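Student: Fold the following and give me the result.
(one chain, ligands or ions: 1)
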Amino acid sequence: MTQPIYRIENLIQRYHGRPVLTIDRLEIQPASIMGLAGPNGSGKSTLLKLLAFTARPDEGQILFNGSPAAPFDDAVRFQVTLLTQEPYLMKRTVFNNIVYGLRVRGQCGDCTAVVHDAMTLVGLDPEVFAHRQWSELSGGEAQRVALAARLVLKPLVLLLDEPTASVDAASSELIRSASLNARREWGTTLVIASHDREWLYDVCDEVAQLFKGRLTGTGRINTLFGPWEPGDGGTWYKRLGNETRMAVSKPPHADAIAFIEPAVFRILTKDEYPAASEASIRGTVTRLSLERHSGFLFADVRVGAFTLVVRVEEAHLAAMTLHHGWPVTLAYRPERIRWQP
Ligand SMILES: Nc1ncnc2c1ncn2[C@@H]1O[C@H](COP(=O)(O)OP(=O)(O)OP(=O)(O)O)[C@@H](O)[C@H]1O
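Tutor: Reported below is the predicted structural model:
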């Protein structure tokens, strides 16, 4: 096993004395793509800032290539770069924004060719954009300049904090493909925080789930929020829309959040019925995907207004034909739902 590029140990980060991030242990492998998923305020940006070594954790440590690193150490400053949701360009031309990091590192004299290459990677024609001022760019163009300013450094680690949250669709596509290109071409490790779970699952080797500042797992998981409704005989339900109700175990309280592992669901074959201990719901397959990290096959199943991720058992594959648009019945045992108070 290679040495992880990051190893987090017993980390606690606080704001005004309140812990906002607690991670006992997390490793990120070199040249891998790690996704960070979680609702607003779950600690994704805080974790990225710590991985960028712009701040020191209040407790615990982050080892970089096996060694502890202090904020702004040369060992990390020249290797790790963070792209935030807002581009924060300097008040100068596009060319001068992109070349800045190279000059700070004393890496080139005439950097024209490498700067132009970086611009091309993010879909900015150097002829058109090199001499534009920072103020003469759209939001999507500005974000692409900010990314080019990082790619030109061929960084060991590129941290992306919701890089496409406030840009147009075309810029978003260019930002995504240019980022993935960095891993392919230079073996750059990527850590991506995003609310776009589908994208994360498509491109990441592993996705860390954060919830209220805690790591709740790595891998796919279904997260359902209340309200929960009591039914007959002690059963509780979640309304999923289109008159579909999903039976759940008794929630600990009204605002509890349910975590349901994809393996909790099983897709019934044509001739199968749920067992007496199982509940069931009907839905439609909208997507099939293979998780790189585990090699498991997952189906996205649309149930009412929700999409549930379901792990497809290998033993079942032969007995089922799953296609986009295929109606399926999911069986599950409600007591296997995990609750987070
Ligand atoms: N500078 C700060 N001062 C005080 N509290 C902060 C500060 N920055 C973040 N927090 C708090 O820390 C917690 C984690 O915030 P963080 O921005 O890391 O979450 P996030 O998962 O990135 O959220 P989002 O998806 O909305 O960007 C939140 O409760 C937030 O209010």
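Student: going forward, measure contacts between C-alpha atoms and count neighbours the same way
Tutor: OK.
Student: give me the residue from the stretch 201-341 of the chain nearest the ligand.
Tutor: Here the stretch 201-341 of the chain gets closest to the ligand at one residue, G213, 6.5 Å apart by CA to the nearest ligand atom.
Student: and P19, what are its bridge partners?
Tutor: On the basis of DSSP bridges, P19 takes part in beta bridges with R14.
Student: what's the neighbour count on it?
Tutor: Look at P19: counted by other CA atoms under 10 Å, it has 14 neighbours.
Student: Check K238 too.
Tutor: If you count neighbours by other CA under 10 Å, K238 ends up with 17.
Student: A276 now?
Tutor: Number of residues near A276 (other CA under 10 Å) recorded here: 7.
Student: do the same with the one 3 residues further on
Tutor: By other CA under 10 Å, the residues close to A279 number 16.
Student: for it, phi and psi?
Tutor: Phi and psi for A279, reported as degrees, to the nearest 10, are phi -100, psi 170.
Student: and the residue of the stretch 201-341 of the chain closest to the ligand, what does it touch?
Tutor: Residues in contact with G213, defined by CA atoms under 8 Å, 6 or more residues apart in numbering, are 19-22, 41-43.
Student: so which of those residues also contact the ligand?
Tutor: Here is what survives when those are matched to the ligand using CA under 6 Å from any ligand atom: 20, 41-43.
Student: re earlier: name the nearest residue to the residue of the stretch 201-341 of the chain closest to the ligand, ignoring sequence neighbours.
Tutor: Excluding the flanking residues, the one nearest G213 by CA to CA, 6 or more residues apart in numbering is L21, at 4.1 Å.
Student: residue contacts, that neighbour?
Tutor: Applying CA under 8 Å, 6+ apart, the residues near L21 are 11-14, 42-43, 46-47, 212-214.
Student: can I get the contacts of G213 in JSON lines with secondary structure?
Tutor: Putting the contacts of G213 into JSON lines (DSSP: H, G, I helix; E, B strand; the rest coil) gives the following:
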{"residue": "P19", "secondary structure": "strand"}
{"residue": "V20", "secondary structure": "strand"}
{"residue": "L21", "secondary structure": "strand"}
{"residue": "T22", "secondary structure": "strand"}
{"residue": "G41", "secondary structure": "coil"}
{"residue": "S42", "secondary structure": "coil"}
{"residue": "G43", "secondary structure": "coil"}
